[in-house]
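Structural data only, the sequence is not supplied:
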């Protein structure tokens with residue numbers, strides 16, 4: 001792990017979210033806001049359609065980093081800015097892509113910058129994971 005360099009791509013992943021994904025997440029999280037499963041409600045409040053839960057998007061964005069570490073480290077900080085909603089089509093769902101690159105190496109902590117996009121638009125801004133890797 002000491003051979004990491006700033007700018008290096010560590011991992012990437014594309015996940016397809018469907019309406020079923022949203023139902024499962026709602027059950028797990030207890031967030032049954034109808035904007036996450038009803039088109040009519042989402043549109044009535046001015047949204048472009050049913051949206052993925054923000055915390056679901058945030059969780060799937062960090063998972064490739066967790067998998068890349070393979071138990072060789074720990075997340076010490078994680079934060080994002082929600083910049084665009086993830087609209088989940090009722091038929092096709094939506095693909096959410098994550099690219100993780102080394103952003104900075106600071107003593108014992110490595111900052112990993114995430115680029116998270118859906119429908120060719122960035123949906124999470126300033127998505128950064130700070131990890132402490134075991135030596």
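Perfect, I can see it now. All values derive from a computational prediction rather than experimental measurement.

Checking residue 7 next. Helix, strand or coil?
coil (DSSP: H, G, I helix; E, B strand; the rest coil).

need the contact list for it.
Counting by CB atoms under 8 Å, 6 or more residues apart in numbering, residue 7 makes contact with 101, 102. Where C-beta positions appear, they are placed from N, C-alpha and C, glycine not excepted.

Buried residues of stretch 98-117, list them for me.
98-103, 110-117 (16 or more other CB atoms under 10 Å).

Pick out whichever of these sits closest to residue 26.
For the buried residues of stretch 98-117, the minimum distance to residue 26 (CB to CB) is 20.8 Å, reached by residue 116.

The closest one touches residue 63, doesn't it?
No: the pair residue 116 and residue 63 does not pass the contact test of CB atoms under 8 Å, sitting 11.3 Å apart.

anything in contact with each of the two?
residue 98.

residue ranges for the helices of the chain, please.
With DSSP state H as the criterion, the chain has helices at 19-29, 39-44, 54-69.

how long is stretch 82-91 end to end?
24 Å (CA to CA, to the nearest Å).
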